[in-house]
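1. give me the fold of what follows.
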Amino acid sequence: MPKKANIFESFSHSAIQQFKEAFGIMDTDKDGLLSSSDLVAAFTAHGKNIGGGEAQAMLDEVDGPMNFTQMVTLFASKMAGGSDDDDVILASFEAFEMNGQIDAEAFRHSLMTFGTSSPPARSMMPLLNSRSMVA
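-> Presented below is the predicted three-dimensional model:
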């Protein structure tokens, strides 16, 4: 986790606004805390079905209730960690996999919408044209 007295200093004002918007979308019962039922409902509303156990595992990554500050702290911690474990990376690709292939357009859209413009992200763009992906 970054060594900052105020975790919000780790991100730009724009990023914090985006986090607030995302938190508001995920907090389906609008109680200021994310619960497993909030996450299940939010993921379902966006076309991704997850179980309560999977949602709870996400919430278990923080100590105590998942409020907005806890979510931002978790994001800062994840970003400071460098890289994800192999199983996380594989699961990310599996989310796009259908019948043994990845829909290149859906993958490209997600990278362009949710990705960053950092050099590593740009270096993955040639993968979008790979023969193992469906155009």
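2. quick one: find the helix or strand in this structure with the lowest mean pLDDT.
-> Every helix and strand of the chain was ranked by mean pLDDT, DSSP states H and E. The lowest is helix 119-123, at a mean of 40.
3. and Val62, how many neighbours?
-> With neighbours defined by other CB atoms under 10 Å, the count for Val62 comes to 16. (Glycine included, C-beta is placed from N, CA and C.)
4. the helices in this protein, which residues?
-> In the chain, helices defined by DSSP state H lie at 13-26, 36-45, 52-59, 68-80, 86-94, 104-114, 119-123, listed in chain order.
5. what angle do the first one and helix 68-80 make?
-> Meaning helix 13-26. Using axes from the mean of the first three to the mean of the last three CA atoms, to 10 degrees, one finds that helix 13-26 and helix 68-80 are set 120 degrees apart in direction.
6. run the angle between helix 13-26 and helix 36-45 for me.
-> Direction vectors for helix 13-26 and helix 36-45, defined by the same axes, to 10 degrees, enclose an angle of 100 degrees.
7. buried set for helix 13-26?
-> If you call a residue buried by 16 or more other CB atoms under 10 Å, then helix 13-26 has these buried ones: 16, 19, 23, 26.
8. in TSV, list those along with pLDDT and distance to Met58.
-> Formatted as TSV, the entries for the buried residues of helix 13-26 read as follows, by pLDDT from 0 to 100; distance: CB to CB, whole Å:
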residue	pLDDT	distance to Met58
Ile16	90	20
Phe19	90	15
Phe23	91	13
Met26	89	10
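9. okay if I get those as CSV plus distance to Asn49?
-> Written out in CSV, the entries for the buried residues of helix 13-26 read as follows (distance: CB to CB, whole Å):
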residue, distance to Asn49
Ile16, 29
Phe19, 24
Phe23, 21
Met26, 15
